[in-house]
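Undergrad: Quick one, fold the following:
(one chain, ligands or ions: 1)
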Amino acid sequence: MAAVRLVAPTLLLTAAAASCSSPQNVLDPHGPAAMRIEELWWVLFVMGVTVSIVVAALLLLAIRRGRQRERGTQGREINGHYLVSIGAGLITPAVIFALAIYSYVIGAGVYPPVDEDAGALTVEVTGHQFWWEVRYPQYDLVSANEVVIPVGRRVRFLVTSRDVIHSFWVPQLQGKIDMIPGHTTRQWLQADEPGRYRGQCAEFCGASHALMALWVFAVPEEEFGAWLDARRQPALEPADPDVREGRAVFVAAECHLCHATRGVARPEALGDAGPDLTHLATRETLAAGTLPNTRGNLTAWISDPERIKPGARMPPTVFPPDQLRALLDYLQSLR
Ligand code: CUA
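TA: Numbering: from 1, shown residues only. Sure, this is the predicted structure:
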């Protein structure tokens, strides 16, 4: 009964997790690597439950034998029990050893060999406290927090970090991989169906680790080409005077020292302390998946980033209402 009481809730929880349609559900894979990882998960789960039941049954058997011995009613089948115990004592570790090998084989299989790198579409993702810098080096394209990939194609990811260790993880597409400062790690992602896949930093990296999310959008090949063409364009020269004024506010407040915005001159030597904003208005979220990209949230973020995202490196800035309005007009014009 004890075993049933232990196993039943676990099975129920597992069934609930498997049927859950969360955008970060490992048990709802949408790519070849994630499917293998899901297979591994189920095999380990079923075998783990089986081994637990066998061990619990042997334990109960041993207790029963001990009591019988105390009462002097020890049965005739003692040799049989020895055989069962010894047999299970050999079989169970053998099963666990086989699972370890199987787990290693799957783990090695989800990372294709280096010789497949040549000519592959490459995305470089760099972790920062607490956002993701995204580069497409073959297309000279820089973005942040949202990655677009063509569906059905294996895309090579090169990940690293600018500050502390982060971990790049898009559960429905691939296993997690650490982003280590000063070291670049390879990873592959492939989505078999068009869709949106949520990723999350999977290594504690500071106060807002939990608020470091990203989105991967898998789109058909033609749509991907169109997206690349559109995003490679510099920001348009604003025709609207309010937008032009907003751009002046942006520069006067020195936003451009951290945030590259193609079309706005900035000193060459500066690093990319904050996300590239050239096409900010096309992004769905602000602050790495923390808030929907709306005018209200943009206002809240600019005036007090710390309240929304503790530990964020961006300082708060309070603008007079007319300047803020112009700045928001400018930021929302960045399409
Ligand atoms: Cu970045 Cu946790």
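
Undergrad: Worst mean pLDDT across the helices and strands of the protein, which element?
TA: Here the helix or strand of the chain ranked lowest by mean pLDDT, DSSP states H and E is helix 2-19, holding a mean of 56.

Undergrad: Flag every residue of the stretch 51-200 of the chain that's near the ligand.
TA: G127, F130, H166 (CB under 6 Å from any ligand atom). Placement of C-beta: from N, CA and C, glycine included.

Undergrad: rewinding a little: the least confident helix or strand of the chain: what's the following helix or strand?
TA: Under the assignment DSSP states H and E, the closest C-terminal helix or strand after helix 2-19 is helix 32-71.

Undergrad: so where do the strands sit in the protein?
TA: Counting by DSSP state E, the chain has strands at residues 122-128, 131-136, 141-144, 146-150, 155-161, 166-168, 177-179, 185-189, 195-200, 213-219, 285-286, 291-292.

Undergrad: quick one, which of the ones you listed is packed in tightest?
TA: Comparing the strands of the chain by mean neighbour count (mean count of other CB atoms under 10 Å), strand 166-168 comes out on top with a mean of 26.

Undergrad: For that strand, report the contacting residues that lie outside it.
TA: 125, 127, 132, 157, 159, 176-179, 187, 199, 201-203, 205, 212 (CB atoms under 8 Å, 6 or more residues apart in numbering).

Undergrad: got it, and stretch 249-256?
TA: The contact list for stretch 249-256, computed with CB under 8 Å, 6+ apart, reads T261, V264, A265, R266, T317, F319, Q323, A326, L327, Y330, L331.

Undergrad: change it to 7 Å
TA: V264, R266, T317, F319, Q323, A326, L327, Y330 (CB atoms under 7 Å, 6 or more residues apart in numbering).

Undergrad: Stretch 103-112 now?
TA: A33, R36, I37, L40, L44, Q174, G175, W188.

Undergrad: ok, now with 10 Å
TA: The contact list for stretch 103-112 (CB atoms under 10 Å, 6 or more residues apart in numbering) reads 31-37, 39-41, 43-44, 120, 154, 156, 174-175, 177, 186-188, 190.

Undergrad: Just the buried residues from those residues, in PyMOL please.
TA: Buried subset of these, written as a PyMOL selection, criterion 16 or more other CB atoms under 10 Å:
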select buried, resi 31+32+33+34+36+37+40+41+154+156+174+175+177+187+188+190
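
Undergrad: got the contact list for the closest residue to R262 other than its chain neighbours?
TA: The shortest distance from R262 to any non-neighbouring residue, by CB to CB, 6 or more residues apart in numbering, is to P234 (3.9 Å). Contacts for P234 were tallied using CB under 10 Å, 6+ apart; they are T261, R262, G263, V264, T278, H279.

Undergrad: Isn't the fifth one up against A260?
TA: Yes - taking CB atoms under 10 Å as the contact criterion, T278 and A260 are neighbours in contact, 7.0 Å apart.

Undergrad: who touches both of those two?
TA: Overlap of the contact sets of T278 and A260 (by CB under 10 Å, 6+ apart) consists of V142, A144.

Undergrad: what separates W41 from the ligand, distance-wise?
TA: 23 Å (CB to the nearest ligand atom, to the nearest Å).

Undergrad: Could I get the average pLDDT for stretch 87-102?
TA: The average pLDDT for stretch 87-102 rounds to 86.

Undergrad: Start at 20, not 1
TA: Renumbered: residue one is now 20, and that last one reads stretch 106-121.

Undergrad: Identify the residues contacting it?
TA: So stretch 106-121 is in contact with 58-59, 62-63, 66-67, 69-70, 73-74, 76-77, 80, going by CB under 10 Å, 6+ apart.

Undergrad: one more time with 6 Å
TA: By CB atoms under 6 Å, 6 or more residues apart in numbering, the surrounding residues in contact with stretch 106-121 are M66, V70, L77.

Undergrad: Quick check, pLDDT for the second one.
TA: To tie it back to what came earlier, the one meant is V70. With respect to pLDDT, V70 scores 85.
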